[in-house]
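>>> I would like to see how this sequence folds:
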Amino acid sequence: MTDVGFTHIGGPTVLIEFGGWRLLTDPTFDPPGRTYDFGWGTASRKLIGPAIAAADLPAIDAILLTHDHHGDNLDTAGRALLPGAGSVLTTASGARRLGGGARGLRPGHTHRLHAPGKPTLTVTATPARHGPPLSQPITGHVIGFALTWPGQTHGPLWITGDTVHHRAVRRFAQAHRPGTVLLHLGAVRFPLTGPLRYTMSTRDALSLLDGLAPTTVLPVHYEGWQHFTENRDGIATTLDHTPAGTRHPFSWLIPGHQQTIGV
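Residues are numbered from 1 along each chain as shown. All right, here's what the predicted structure looks like:
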C-alpha cells in the first residue's frame with residue numbers, strides 16, 4: 001500500500017504527492033470574480049479563489065490536464081505553470097494547441113513517468129464525454145487519468161475528468177476496478193442549454209460506481225463556479241438519502257489541507 005497525500009486547491013485542482021512524485025491536476029489559480037467564455041454562448045463566473053497560491057506550490061513533476069479549453073480546468077495563472085512542470089499530459093488536441101512539449105493521449109493510451117528513486121508511474125488516459133450524446137464537436141475532447149504504480153493494493157487511482165456518465169466510462173470502471181476515485185461532480189448546466197448536464201450529478205456518480213468497490217471516493221469540481229448546480233450540501237443530501245449499502249466511502253477533502261490516504 002502507498003500513502004498518498006491529496007491537497008484540494010479548488011475546483012478540479014488537486015496536488016497529489018507520493019513516493020517522491022508531485023502531480024497537479026487541472027491547474028486553476030486565478031482569483032475570483034472573472035467571467036470565462038466557454039464557447040457557443042455559454043459562460044461562467046469564478047466565485048472562490050484557490051486555497052493555495054501558485055507561488056506556494058512545490059516543484060511539480062507532472063500536470064495531468066483533463067482538457068485545456070475551459071477556464072474552470074485551466075485558467076491564466078494555471079497556464080503559466082505549464083512550462084515549469086516536468087511533464088504535461090492532456091488530450092491529443094490539447095497538446096497540439098499548447099505545444100511546448102505537452103504530450104497528448106487518447107483514451108486507452110498510456111505514458112510512463114520515470115525518475116531516479118521514484119516508483120515508475122503508468123498514466124492511462126480514460127474515456128470522458130463532457131456533455132450529452134453527440135456534444136463532443138461542441139464541448140471538445142476531454143480525458144480522465146488512471147494512475148498505477150508498484151505497491152498499490154486497492155487498484156488504480158482514477159481521476160474521472162469532466163464527464164457525464166456514459167457507456168465508455170462505465171466500461172472502463174468495470175474493467176479496471178479503481179480503488180481510489182477523484183470524482184468530478186458539479187452537475188454543470190448553463191441557462192442557454194436548459195436541463196442538459198455537462199458533468200455528473202451525485203446520482204449519476206452512484207450509478208457509475210454501482211457494483212464497484214472503491215476504498216475511497218473524493219469529490220472535487222463541485223464548488224467555486226457559477227455553473228455548478230450541485231454543491232457540497234446537495235451532494236451530501238443525496239448521499240444521506242441513499243441506502244447505506246450503495247453509498248460508497250465518500251470522503252471530503254478540506255481545501256488547502258493535505259489528507260493522506262492508503263492507495
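
>>> Any regions of the stretch 1-150 of the chain where pLDDT drops low?
For the stretch 1-150 of the chain, applying pLDDT under 70 flags no range at all.

>>> and stretch 145-153, how far apart are its ends?
18 Å (C-alpha to C-alpha, to the nearest Å).

>>> do stretch 189-206 as well
Separation of the first and last residues of stretch 189-206 by C-alpha to C-alpha is 19 Å.

>>> Can you list the buried residues in stretch 63-83?
63-75, 77-79, 81-82 (16 or more other C-beta atoms under 10 Å). No exception for glycine: its C-beta is placed from N, CA and C like everyone else's.

>>> Off-centre distance for stretch 197-207?
Put simply, stretch 197-207 sits 14 Å off its chain's centre (C-alpha atoms, centre = their mean, to the nearest Å).

>>> Residues in contact with it: which ones?
Contacting residues not belonging to stretch 197-207 are listed as 130-132, 135, 139, 160, 162-165, 183-190, 208, 217, 221, 230, 234-235, 238-239, 242, 246-248 [C-beta atoms under 8 Å, 6 or more residues apart in numbering].

>>> List the buried residues for it?
Neighbour-count burial for stretch 197-207 flags 197-202, 204-206 (criterion: 16+ other C-beta under 10 Å).

>>> out of the contacts of stretch 197-207, which are buried?
Of the contacts of stretch 197-207, these count as buried by 16+ other C-beta under 10 Å: 130-132, 139, 160, 162-165, 183-190, 208, 217, 221, 230, 234-235, 238-239, 248.

>>> Let's see which of those end up in helices.
Members of the buried ones among the contacts of stretch 197-207 lying in helices (criterion: DSSP state H): 139, 208, 234-235, 238-239.

>>> Which members of those residues are the farthest-apart pair?
When C-beta to C-beta is used, the two most widely separated members of those are 139 and 239, lying 27.4 Å apart.

>>> Listing request: residues of the stretch 151-263 of the chain with sub-threshold pLDDT.
The stretch 151-263 of the chain contains residues with pLDDT under 70 at 244-247.

>>> In strands, which of the buried ones among the contacts of stretch 197-207 appear?
Within those, residues falling in strands by DSSP state E are 183-184, 217.

>>> Dump these to JSON lines, plus distance to residue 39.
Compiled in JSON lines, these are given as follows (distance: C-beta to C-beta, whole Å):
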{"residue": "183", "distance to residue 39": "25"}
{"residue": "184", "distance to residue 39": "19"}
{"residue": "217", "distance to residue 39": "30"}
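
>>> Let's see the distance spanning stretch 136-148 from one end to the other.
End-to-end distance (C-alpha to C-alpha), stretch 136-148: 28 Å.

>>> Distance check, residue 220 against residue 184.
Using C-beta to C-beta, to the nearest Å, residue 220 is found at 6 Å from residue 184.

>>> and for these two, which residues touch both?
Counting by C-beta under 8 Å, 6+ apart, the contacts common to residue 220 and residue 184 are residue 12.

>>> and the buried residues of stretch 197-207, which two are the farthest apart?
198 and 206, at 18.4 Å, using C-beta to C-beta across these.

>>> What count of nearby residues applies to residue 40?
Residue 40 has 10 neighbours, counted by other C-beta atoms under 10 Å.

>>> give the contact list for the residue nearest to it when sequence neighbours are not counted.
Closest residue to residue 40 apart from its sequence neighbours, by C-beta to C-beta, 6 or more residues apart in numbering: residue 138 at 5.7 Å. For residue 138, the contacting residues are 39-40, 131, by C-beta under 8 Å, 6+ apart.

>>> Quick check: phi and psi on residue 172?
phi -60, psi -50 (degrees, to the nearest 10).

>>> Excluding chain neighbours, give the residue nearest to it in space.
Residue 172 sits nearest to residue 126 (C-beta to C-beta, 6+ apart), 5.1 Å away.

>>> and that neighbour, how many neighbours?
Residue 126 has 25 nearby residues by other C-beta under 10 Å.

>>> Which residues are in contact with the most centrally placed residue in the chain?
Central residue of the chain (C-alpha atoms, centre = their mean): residue 161, 4.0 Å from the mean position. Contact partners of residue 161, counting by C-beta under 8 Å, 6+ apart, are 66-67, 126, 128, 142-145, 184.
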